[in-house]
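Engineer: Build me a structure from this.
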Amino acid sequence: MAVDLDNLLDQIGGLTLTEAADLVKKMEDKFGISTAAPVAVAGAVAGGGDAGGGDDDKTFNVVLKSFGEKKIDVIKAVREATGLGLKEAKDMVEKGGQAVKEGLEKAAADELKGKLEAAGAQVELTPA
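Structural biologist: Numbers count the residues shown, from 1 in each chain. Coordinates of the predicted model:
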């Protein structure tokens, strides 16, 4: 069976951040792999919104400042957002001051910031 890779990439590019994270998890489960680095697909997914002027035209980095009182919840949120393995996500959370994701459009950056803050993290957006 031949696969149209261009069509597949277009479909993946249309996924939301949450859908892309679910796709990564399913691929890890199905193929018995672990993504040890941020998934390139998730970066492409961030371009899904249709933005109008101002900050919406810029890209942002989502920087984890601290994990607060709920380190485990923050580690889970980082893993979901990045596709990192448990050790890599734990190291990122404990170190702090690192970009969880870089080059996101405003809407995607705000969405990720909200998820991390809901998990208990202190997060800031910086210009990419």
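Engineer: Which helix runs longest in the chain?
Structural biologist: Longest helix in the chain by number of residues (criterion: DSSP state H): helix 17-31.
Engineer: Pick out the residue closest to the middle of the protein.
Structural biologist: With distances taken as C-alpha atoms, centre = their mean, the residue of the chain nearest its centroid is residue 81 (3.3 Å).
Engineer: Was I right to think that residue contacts residue 102?
Structural biologist: No. Residue 81 is beyond contact range of residue 102, at 11.9 Å (criterion: C-beta atoms under 8 Å). Yep, even glycine has a C-beta here, placed from its N, CA and C like the rest.
Engineer: Am I right that residue 63 falls within a strand?
Structural biologist: Yes. Residue state for residue 63 (DSSP: H, G, I helix; E, B strand; the rest coil) corresponds to a strand.
Engineer: how many neighbours does it have?
Structural biologist: Counted with other C-beta atoms under 10 Å, residues neighbouring residue 63 total 19.
Engineer: surely it meets residue 123?
Structural biologist: Yes. Residue 63 is within contact range of residue 123, at 6.7 Å (criterion: C-beta under 8 Å).
Engineer: tell me, how many neighbours does residue 64 end up with?
Structural biologist: Neighbour number of residue 64 under other C-beta under 10 Å is 23.
Engineer: Also residue 14?
Structural biologist: Here the number of neighbours of residue 14 (other C-beta under 10 Å) works out to 13.
Engineer: What does it show for phi and psi?
Structural biologist: phi -90, psi 0 (degrees, to the nearest 10).
Engineer: Brilliant, that's me finished.
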